[in-house]
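Trainee: Here is my input, please return the structure:
(2 chains)
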Protein chains: 2
Amino acid sequence: MGNAHPTIIIELLLVKFGIRFVGVKLGILGLGTVGTGTVQLLQDSVGRHPLLRDVEIYRVGVRSLDKPRAVKVPDAVLTTDLEAIVNDPQVNIVVEVIGGLEPARSLILKAIKNGKHVVTANKAVISRFGDEIFTAANHAGVYVMLEAAVGGGIPVIQPLKQSLSVNQIHTVTGIVNGTTNYILTRMQTEGSSFDDVLADAQKLGYAEADPTADIDGLDAADKIAILASLAFGGRIKLQNVYCEGIRQVSKTDIAYADKLGFVIKLLAIAKRVNVSPITPSLDHPISVRVHPTLVPKAHPLASINGVYNAILVEGEPIGQVMFFGPGAGAGATASAVSSDILSLVATLQASTTTPNPLLTCGHQDYCEITPPEELISRFYTRFLTKDQPGVIGKLGTCFGKYDVSLESVVQTGFQGELAEIVVVTHDVQEGDFRQALAEIQTLEAIDSIPSLLRVL
Amino acid sequence: MGNAHPTIIIELLLVKFGIRFVGVKLGILGLGTVGTGTVQLLQDSVGRHPLLRDVEIYRVGVRSLDKPRAVKVPDAVLTTDLEAIVNDPQVNIVVEVIGGLEPARSLILKAIKNGKHVVTANKAVISRFGDEIFTAANHAGVYVMLEAAVGGGIPVIQPLKQSLSVNQIHTVTGIVNGTTNYILTRMQTEGSSFDDVLADAQKLGYAEADPTADIDGLDAADKIAILASLAFGGRIKLQNVYCEGIRQVSKTDIAYADKLGFVIKLLAIAKRVNVSPITPSLDHPISVRVHPTLVPKAHPLASINGVYNAILVEGEPIGQVMFFGPGAGAGATASAVSSDILSLVATLQASTTTPNPLLTCGHQDYCEITPPEELISRFYTRFLTKDQPGVIGKLGTCFGKYDVSLESVVQTGFQGELAEIVVVTHDVQEGDFRQALAEIQTLEAIDSIPSLLRVL
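Mentor: Prediction:
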């Protein structure tokens, strides 16, 4: 820890005089997809953590002031001078969502030097300049948060840094690039070739015009370097990450793999090598790599399809845990960026006399609960009935009387003398369904209703 | 916030005089499965978060001092007087892992009243007495942590309280009871009846002698009440949770569901009702329920099998995220309990002049990375060869020369004039494999090696 920076001194004074620290000023660098999603989230605080209301969008740095935008930001907040934002003494947190290496790296370093906390979604900068950035941050006594850099909206950075860090982690295996997983999934399900699916994915916007960073595994390499660093508590040189993309994966191989019981996935793997999971020896080195891999169909990662991401963490004593979710997109990434902002706000407000609001129970009131009879669901019901004509008609009539719309009614066979009929409903109000069922039970043709289940 | 309790005053003094607060004393109530797992984890701090070394196992409360135990705890630490632990002014954190309603509830309340933070794995107490407990905790200015109460080792409580709380959550759907999921999975895969599988599960220790709490859905109801409370920011009365178990699920229904494209799972669901996911209206009430449910086979929860748990959270803007892992067991639960202890230690040590060590980058050194050629993996390789006798023999000989052990060599067909041969290896050292491959490429019979993939 270096000397306390100005923000900390102000906080100390506020704490000393019993004043709660309210209002955190954000300087957001960039108003592209992720920036816009983040501003939208922060401008609509209803139903979200109340602490977000303490956040002020104070400055937003953009390339051009005149561009039409999906969000309304007051003119006084917008600026093209990004340097001015990271130098502004009013700004508490700099949110870097411009992407790319420069000027992102320099702006992050300047913000840190000026005592500002940083939230970034920039895996390229963190995986290349993490050493420089975190050394500067530790020196300045500020936090650099990066939940959005890996796995889009999936909370994985925080669990690795916190909850899971009580484990001796031996392997992190991820599907961390949505574009390649989308391409491989379509090759698998359609039997198409790589080139055909890539061309179509580019048309549909799932792959970029220059897809190199994704399909050659470079994006995944950035991400696994970051995950490995957190899982194994040491820095990773990006040039030590072995990296192979999916250009060479052919539809022939996907077909053979399928016959052998595998699916092909681009996996990013960080692993303590040559270690028995029973007696992990912690002085073994690690391997960090990205390559297409035959994954056994029963493996948890085998069923992660399309643009979804998943990260499997293995360690002792926890065993296997997996995090699954959208790996990209404005909304998901905005969720991750905002969760970092929330953590910082909580940390800035917490003090020895004010508990951390993310750890306390913040609600006092009871939720309003809908009575079961008002719930809307689909139902599956199995009837045993006398084997006589018109039973299905009677069932249908009775359900209709109570507004219960049916998706299917099938006589599935016999149990002894009795006919077995399976009914699946559309979405219906549970109260209506129960009334219909009560009336049906009184019908002379009905023997019993052995099963009643809900359908998701 | 009530008045500052003694621990806080001591911390304030320490901060004032620039002394870092080191050493947190645990009072552990109970040394059963979870307590033993937690002590084992804390006693072996190598490869775990360094902050755990600041934790002292100061008192452990047990029923009998003489019982043989799987962990060594000094005699002076063990006591049968649980009251004395929660009243001991030296104890900072009380870890309640005795389970059951009483004396757990009273001991938790006494600990809180005495200004101690609490870590508990007790879903029954929290779901029934959460109101009383959190009101007391807020009054005393202490934290009550409960990661282990739901989903075993899966980090789900912390993500719901923190990362995901920036979203407007509309649904939480969980497979949160391992016993019932184990029974339903076996009924599905074996076509067996509920009674047969239950009897076998009891023999194998996957179900208790009195299985009521699990199979009637009561355990899942406790857990979804807790998850709903966090997701929707309000308390939940347990009697408002609709609850149906799996006794009525028959093998007949599982077979029909399978034909219809569903698997049957015991789901615990908390949901804002009658809400369109596009425009969530946040003043709608919620429904909280547990019942066996037909789940479409493509749904992320459909493939969660055996004793595993998974919790799917849906909200805006994040979309769907799912957390998957072991829902029970000493190790997994110990991981969750220890992660709560870690969070508390970090919070107690953090101050306005000392940053929260869970948010900073705590490592300085580079990881040692194994060179790729020393890695052990399985490989899949496809060869195109001249169609002449003895090619497979030549491949086998060459691999053998470099210690590359083969799992299978199959001639899969022809591409024009060329024979296609697929080789899958056992675990081999990559350097050996590459050398063999280099030599094979020089063989006259080999046309090309179009594919080289790794096998997980």
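Trainee: Tell me, how many residues neighbour A:L65?
Mentor: Look at A:L65: counted by other C-beta atoms under 10 Å in any protein chain shown, it has 9 neighbours. Every C-beta, even on glycine, is put in place using the N, C-alpha and C of the backbone.
Trainee: How about the secondary structure of it?
Mentor: coil (DSSP: H, G, I helix; E, B strand; the rest coil).
Trainee: residues in contact with the closest residue to it other than its chain neighbours?
Mentor: In space, A:L65 comes closest to A:L78 once its chain neighbours are excluded; the distance is 5.7 Å by C-beta to C-beta, 6 or more residues apart in numbering or on different chains. Contact analysis of A:L78 by C-beta atoms under 8 Å, 6 or more residues apart in numbering or on different chains lists A:L31, A:V60, A:V62, A:L65.
Trainee: With respect to pLDDT, which of those ranks lowest?
Mentor: Ranked by pLDDT, the contacts of A:L78 bottom out at A:L65, which has 92.
Trainee: Contact partners for that one?
Mentor: Residues near A:L65 by C-beta under 8 Å, 6+ apart: A:D75, A:L78, A:T79, A:T80.
Trainee: distance of it from A:L29?
Mentor: Distance of A:L65 to A:L29, computed by C-beta to C-beta, to the nearest Å: 15 Å.
Trainee: Looks like A:R235 contacts A:I133 (just checking).
Mentor: No. The pair A:R235 / A:I133 is not scored as a contact, 11.0 Å apart, by C-beta atoms under 8 Å.
Trainee: And the two? Which one has more around it.
Mentor: The residue with more neighbours, out of A:R235 and A:I133, is A:I133; 22 against 18, by other C-beta under 10 Å.
Trainee: backbone phi and psi for the more buried one, please?
Mentor: Dihedral pair for A:I133: phi -70, psi -50, per degrees, to the nearest 10.
Trainee: Now do the same for A:I269: helix, strand or coil?
Mentor: strand.
Trainee: Same question for A:I246.
Mentor: Here A:I246 is recorded as coil under three-state DSSP.
Trainee: Give me the number of neighbouring residues for it.
Mentor: By the criterion of other C-beta under 10 Å, A:I246 has 25 neighbours.
Trainee: Show the pLDDT at it.
Mentor: On pLDDT, A:I246 comes in at 96.
Trainee: how near is it to A:G416?
Mentor: For A:I246, the distance to A:G416 equals 57 Å [C-beta to C-beta].
Trainee: repeat for A:E190
Mentor: Distance of A:E190 to A:G416, given as C-beta to C-beta: 47 Å.
Trainee: Counting neighbours, go ahead and name the busier of the two.
Mentor: Neighbour count, other C-beta under 10 Å: between A:E190 and A:G416, A:E190 has more, with 12 against 6.
Trainee: The nearest residue to that one once chain neighbours are set aside: what's it in contact with?
Mentor: Among residues not flanking A:E190 along the chain, A:V197 sits closest, at 7.4 Å (C-beta to C-beta, 6+ apart). A:V197 is in contact with A:I183, A:R186, A:M187, A:E190, counting by C-beta under 8 Å, 6+ apart.
Trainee: now, among those, which is nearest to chain B?
Mentor: Ranked by distance to chain B (C-beta to the nearest C-beta), those are led by A:M187 at 13.3 Å.
Trainee: can you list the residues that contact the helix or strand harbouring the closest one?
Mentor: According to DSSP states H and E, A:M187 maps onto helix A:178-190. Helix A:178-190 is touched from outside by A:152, A:175, A:192-194, A:197-198, A:200-201, A:206-208, A:211, A:214-215, A:217, A:219-220, A:245-246, A:249, A:251, A:254, A:258, A:263-266, A:292, A:304-309, A:326-328, with contacts defined as C-beta under 8 Å, 6+ apart.
Trainee: Please flag which of these sit within helices.
Mentor: A:F194, A:V197, A:L198, A:D200, A:A201, A:D214, A:I215, A:D219, A:A220, A:K251, A:I254, A:D258 (DSSP state H).
Trainee: Including pLDDT, could the contacts of A:V197 go into a markdown table?
Mentor: Putting these into a markdown table (pLDDT from 0 to 100) gives the following:
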| residue | pLDDT |
| --- | --- |
| A:I183 | 97 |
| A:R186 | 97 |
| A:M187 | 97 |
| A:E190 | 95 |
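Trainee: What's the ChimeraX line that selects buried ones from these?
Mentor: Here is the ChimeraX command that selects the buried residues among the contacts of A:V197 (16 or more other C-beta atoms under 10 Å in any protein chain shown):
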select /A:183,186,187
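Trainee: tell me which element A:A298 is part of?
Mentor: A:A298 belongs to no helix or strand when assigned by DSSP H and E.
Trainee: what's it in contact with, if anything?
Mentor: Here A:A298 is in contact with no residues (criterion: C-beta under 8 Å, 6+ apart).
Trainee: Compute the inter-axis angle for the host helix or strand of A:V313 and helix A:178-190.
Mentor: Using DSSP H and E, A:V313 falls within strand A:308-316. With axes from the mean of the first three to the mean of the last three C-alpha atoms, to 10 degrees as the basis, strand A:308-316 and helix A:178-190 are set at 100 degrees to each other.
Trainee: Give the pairing partners of strand A:308-316; include direction for each.
Mentor: Sheet pairing here is set by DSSP bridges, and for strand A:308-316 it gives strand A:168-175 (antiparallel), strand A:319-326 (antiparallel).
Trainee: returning to what we had before: mind checking how far the residue nearest to A:L65 is from B:A436?
Mentor: On the measure of C-beta to C-beta, A:L78 and B:A436 end up 61 Å apart.
Trainee: repeat for A:L342
Mentor: A:L342 sits 53 Å away from B:A436, going by C-beta to C-beta.
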